[in-house]
Each structure stands twice: as C-alpha cells, then as structure tokens.
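[1] need a 3D model of the following:
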Amino acid sequence: MDFVITGGAGFIGSHIAKQLVNTGHNVTILDNLSNGKKKNVTTIMDKIKFVNGDIRDFNLLKNTLKNTDGVFHQAALASVQESFVKEQEYRDVNVGGTENILKLAKEFNFKVVYASSSSIYGNPEKIPIKESNQKNPINPYAITKLDDESLAIKYAQMGVRVIGLRYFNVFGKGQSKEYAGVLKLFLEKIRDGLPPKINGDGLQFRDFVYVEDVVNANIMSMNSNINHEFFNVGTNTSITILDLAKSIIKSSGLDIEPIFGPALEGDVQKTIANIDLIKDKIGWKPTVFLEKWIEDIISMKKFDEI
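    Here you go, the predicted structure:
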C-alpha cells in the first residue's frame, strides 16, 4: 500500500517509516525539517520518496496526498514552553495544517491516523486517565491538540476516517526533548558523569511508552476497520521524575544526587493512561517498559540509543 507520513523525519515518524518500509509498503515522507532530521531516515532514503515541504502548503499537500491509501500525520510543533511565545505559529501549524490534511482526506477518501496528545487532559482529577475524562489543557500546545480533536470529530461526521492517538510520554532511540525530554536529558547527564537536573520538586509523575509500541499503535489503527476513535497510547504505569532520576543514578553506579531547578511553565503534574479501550478495540498493548530499557542503556553503555 501507499502511505504518506507527515513529520516522517522526526522521532516517531521516522520509526513508523522504517516499519512500513520493512513490511513492503511504499512510503512518502513529507517534512520541512524544522524539527525532523534526514539522518533519522538515512538507512531507508533509497527506498522512500522524500518531499521537503510544510503542511501549511495546501497545494503541495494536495499533490503529495492525492494518490495515497493513508496518512500517518505526525507533523507538529510540540514544545510546551515554546508554545507560550509562539502561540500563533503553533495554531497555524498544528491546527491549520491538520485541517488541510482532513480536507484532503474528505476529497480523496484516504484514512488518517494522527498524533494527538495526553496533554489535552491537563491535570486530571482521576487517574488512570480514561479517554472520556474531562479535557482541561493548561498550555497553548495542548490547546492546539484539543482543537485538532474537534476538527477530527467534525470531519468524521462528514465521512472522513480519522483516528487520534493520545500519546503519553514517548521514549526510545532518537527521542527528542519534546516527547520524553526529561529522560533524554537525564541520560545525557549520566553519560557525562553529571547529576541530572529536576525542574520543580520531582513529584510530578509520567507514563512513559516505548516508541516501537507507539509505531505499532499507529499501524494497527490504520489497518483496523475502525473509522473514527480516540485512543490513549501509554502503559498504565507511571514513575515520579524524582524516582526516575534516582533509578538512573542507581543503575549508573555514580555517587551523585540530582539537583533541582525551577518548575517549568505549563508542566502537567500527573499522567497515567487507562489503555482498556485500545486493548479492546484493536488488540494493542505495550511490550517494552521503561525501567528495563534504562538498565540496558546504562549497563551496555548504549548512549547512542537516546
């Protein structure tokens, strides 16, 4: 089949691309390289079509998507802190770009699986978080993701097949600071023999989900007979940022303690996913868990994996 991946040179998009190529599909990557890097797809560059372009360019999108069977829409601006100072740009890319894709999905009848975010929940009253939980975004980035969901509902009512995946904290090889950023920063400090820095008190907790599991959630959603749904993509487990730092230090054997800095604006305090819906509807479940991955990275000194 023929698939297009927007943001396909980015962290998650590049992993989706490799999986699709390895299973015999024709892949086009559309990426303006503002966050993505060609080095992420070097190993498959001779097997894909690469379009250097922006999802805000409707005519370019139309030419790129008109013959596709499905679109994995990963392109977005994703830094919470940056979204406070570039609010309009975040709206233009994350909301305007997504609507462009949905308009074309209506015209050309392809299916869309796109990256939503657990940030739409804000700081939930109840955990684990179900898909039906109240949505209360607390930063401009999260607001754009919730607006995308309103667009998905609108276009689904017009017959567009669209599934939104609410990623929790995605980690794995090539991870970027916009996803499981704290993990990447901690491991880089340990690699250099330095103490990890915690923003705030470290009592905020996160649900970390492995990138290859996220890839599988995307592909299983695309291949499913479900036309419209929103799914949490997490593990139903969590760890505090302080315990994460202590765990990494312990695995390293270094005699250091974490240091503390000011809390980050717009930082969510607690995330843990209820994943019953995605398990029941498409049979997806996580297979790789954070603690074992960290142990392997540190014990085998595989810091190129971050």
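
[2] wait, isn't Leu30 in contact with Gly8?
    Yes: in this structure Leu30 lies within contact range of Gly8 using C-beta atoms under 8 Å: 6.7 Å. Quick note: C-beta positions are derived from backbone N, CA and C, even for glycine.

[3] any idea how far apart the tips of stretch 283-302 sit?
    With C-alpha to C-alpha, to the nearest Å as the measure, stretch 283-302 spans 31 Å from end to end.

[4] can you list the buried residues in it?
    Trp284, Pro286, Val288, Leu290, Trp293, Ile294, Ile297, Ile298 (16 or more other C-beta atoms under 10 Å).

[5] so what sits against both of Leu30 and Gly8?
    The contact sets of Leu30 and Gly8 do not overlap (C-beta atoms under 8 Å, 6 or more residues apart in numbering).

[6] circling back: and the two most separated of the buried residues of stretch 283-302?
    Farthest apart among the buried residues of stretch 283-302 by C-beta to C-beta are Trp284 and Ile298. That separation is 28.4 Å.

[7] need the buried residues of stretch 283-302 in JSON lines (columns: secondary structure, pLDDT and distance to Lys173).
    Supplementary listing: the buried residues of stretch 283-302 in JSON lines, determined by DSSP: H, G, I helix; E, B strand; the rest coil; pLDDT from 0 to 100; distance: C-beta to C-beta, whole Å:
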{"residue": "Trp284", "secondary structure": "coil", "pLDDT": "98", "distance to Lys173": "20"}
{"residue": "Pro286", "secondary structure": "coil", "pLDDT": "98", "distance to Lys173": "16"}
{"residue": "Val288", "secondary structure": "coil", "pLDDT": "94", "distance to Lys173": "11"}
{"residue": "Leu290", "secondary structure": "helix", "pLDDT": "93", "distance to Lys173": "14"}
{"residue": "Trp293", "secondary structure": "helix", "pLDDT": "90", "distance to Lys173": "10"}
{"residue": "Ile294", "secondary structure": "helix", "pLDDT": "89", "distance to Lys173": "13"}
{"residue": "Ile297", "secondary structure": "helix", "pLDDT": "86", "distance to Lys173": "10"}
{"residue": "Ile298", "secondary structure": "helix", "pLDDT": "85", "distance to Lys173": "15"}
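
[8] how about TSV for the residues you listed, with distance to Asn199 added?
    What follows is the buried residues of stretch 283-302, written out as TSV (distance: C-beta to C-beta, whole Å):
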residue	distance to Asn199
Trp284	32
Pro286	26
Val288	26
Leu290	19
Trp293	22
Ile294	19
Ile297	22
Ile298	22
